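Trainee: Following is a predicted model, sequence given first.
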Amino acid sequence: MEILVLNLGSSSIKFKLFDMKENKPLASGLAEKIGEEIGQLKIKSHLHHNDQELKEKLVIKDHAIGLLMIRENLTKMGIIKDFNQIDAIGHRVVQGGDKFHAPVLVDEKVMREIGNLSILAPLHNPANLAGIEFVQKAHPHIPQIAVFDTAFHASMPSYAYMYALPYELYEKYQIRRYGFHGTSHHYVAKEAAKFLNIPYEGFNAISLHLGNGSSAAAIQNGKSVDTSMGLTPLEGLIMGTRCGDIDPTVVEYIAQCANKSLEEVMKILNHESGLKGICGDNDARNIEARREKGDKQAKLAFEMCAYRIKKYIGAYMVVLKKVDAIIFTGGLGENYSALRESVCEGLENLGIALHKPTNDNPGNALVNLSQPNTKVQILRIPTDEELEIALQAKEMVEKLK
């Protein structure tokens with residue numbers, strides 16, 4: 001079985017094609033800067049007898065053109081003989097709202113609902129829908145499965161997902177916490193349970209997906225019971241350019257003091273805050289280099305980021321009562337050893353103790369970073385959201401047979 005996974009953003013298309021016999025990628029790639037003056041197409045073959053790599057700068061007018069280019073080059077590069085040999089297409093859809101709590105086979109009704117949910121994810125859901133519509137028109141016989149970022153967090157209890165606002169705002173406008181990065185949290189939690197030889201249905205963990213966008217999740221008996229992101233990905237941890245948790249009154253105060261519109265303030269919170277806001281940079285490599293040289297703003301940004309993560313770990317330790325593992329994943333979680341060390345520092349009384357030599361040189365695979373005989377295991381697990389989407393799509397397709 002061959003499954004193509006598509007992840008369409010506002011100006012990009014990421015894809016991965018899998019052979020599901022061995023859960024191995026056949027190809028991966030990216031079309032980026034869609035709609036801009038000059039875009040870029042990258043496609044890499046992962047076949048052992050075919051290591052071709054395409055890199056091309058060209059105009060990519062819209063998502064449909066980008067998808068056509070990907071389809072054409074997959075066959076031209078000899079990765080597949082015919083696009084129609086693909087058994088299913090799995091789509092990453094950012095916002096499933098209250099409607100979608102699990103992967104779903106796409107039909108007209110599902111497409112309408114994804115479109116209706118664009119109000120909660122105006123940058124992402126319309127792009128996700130564009131990919132679905134392209135495939136439906138060009139290859140209507142290929143089953144499409146929508147896998148929602150929010151679905152894993154649908155198991156949160158109401159006391160965790162509700163905001164203490166007038167209840168009618170929830171009833172009328174679905175204002176509540178949804179959470180994101182669900183596909184990643186789900187994947188690494190399953191990998192962790194397997195690695196530790198704990199039945200997933202009884203596995204408890206704190207999952208930390210740390211990257212330019214970051215979130216924490218409390219996982220109890222294999223299900224999400226709390227997460228740091230909220231109605232949107234702006235809530236929670238300090239991120240590359242997002243502020244995370246702040247006093248809501250800050251919005252009004254900035255507007256008044258700096259004479260900014262609501263739209264301008266939201267742009268500040270989403271695109272000019274976080275690490276970038278504190279030290280002028282959201283590239284962790286640059287921040288670390290500056291921090292090592294004694295740069296005060298880089299040091300402050302680093303310390304604020306680590307401190308916020310620690311606060312969530314402490315809160316989730318209380319929520320879960322028993323924790324089997326703390327999982328570091330995502331670009332920063334997997335690769336930023338100094339951040340992992342700072343986050344775990346001083347948590348020994350909670351049964352969390354990092355083994356520094358392993359943390360400094362963890363390799364590229366799943367690894368246990370904790371000291372021997374500690375209560376809570378510290379795991380570094382490379383995430384694979386595309387594989388998780390492919391696995392969920394495969395399960396849906398097999399049910400159709």
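Mentor: The structure has been received and is ready for your questions.
Trainee: all strands of this protein, in order?
Mentor: Assigned by DSSP state E, the strands in the chain fall at 2-8, 12-19, 24-32, 39-45, 53-58, 88-93, 104-105, 144-148, 205-209, 215-220, 223-227, 325-329, 367-368, 377-380.
Trainee: hey, where'd the helices end up in the stretch 151-300 of the chain?
Mentor: Secondary structure of the stretch 151-300 of the chain (DSSP state H, counting those that start in this stretch): helices at 158-161, 167-173, 182-196, 249-257, 262-271, 274-279, 284-292, 296-320.
Trainee: got any ranges where the stretch 301-401 of the chain has weak pLDDT?
Mentor: Counting by pLDDT under 70, the stretch 301-401 of the chain contains no low-confidence residues.
Trainee: can we see that at 80?
Mentor: By pLDDT under 80, the low-scoring segments of the stretch 301-401 of the chain are 401.
Trainee: Likewise for the stretch 51-200 of the chain?
Mentor: The model of the stretch 51-200 of the chain has no residue with pLDDT under 80.
Trainee: and if we set it to 90?
Mentor: Applying pLDDT under 90 to the stretch 51-200 of the chain picks out residues 51, 120-124.
Trainee: For the helices of the stretch 151-300 of the chain, give me CSV that also has mean neighbour count and distance to Leu231.
Mentor: (Glycine included, C-beta is placed from N, CA and C.) Output for the helices of the stretch 151-300 of the chain, formatted as CSV (neighbours: other CB atoms under 10 Å; distance: least, CB to CB, whole Å):
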stretch, mean neighbour count, distance to Leu231
helix 158-161, 13, 10
helix 167-173, 11, 10
helix 182-196, 23, 15
helix 249-257, 12, 14
helix 262-271, 14, 13
helix 274-279, 22, 18
helix 284-292, 17, 27
helix 296-320, 18, 18
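Trainee: most packed of the strands of the chain?
Mentor: strand 205-209 (a mean of 29; mean count of other CB atoms under 10 Å).
Trainee: Send me it as PDB with only the CA atoms.
Mentor: Taking C-alpha atoms only, strand 205-209 is exported to PDB below (Å, rounded to 0.1, in the frame of the first residue of the first chain):
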ATOM      1  CA  ALA A 205       3.600  11.100  30.000                       C
ATOM      2  CA  ILE A 206       4.300  14.800  29.600                       C
ATOM      3  CA  SER A 207       5.000  15.400  25.900                       C
ATOM      4  CA  LEU A 208       7.000  18.600  24.900                       C
ATOM      5  CA  HIS A 209       6.800  19.400  21.200                       C
END
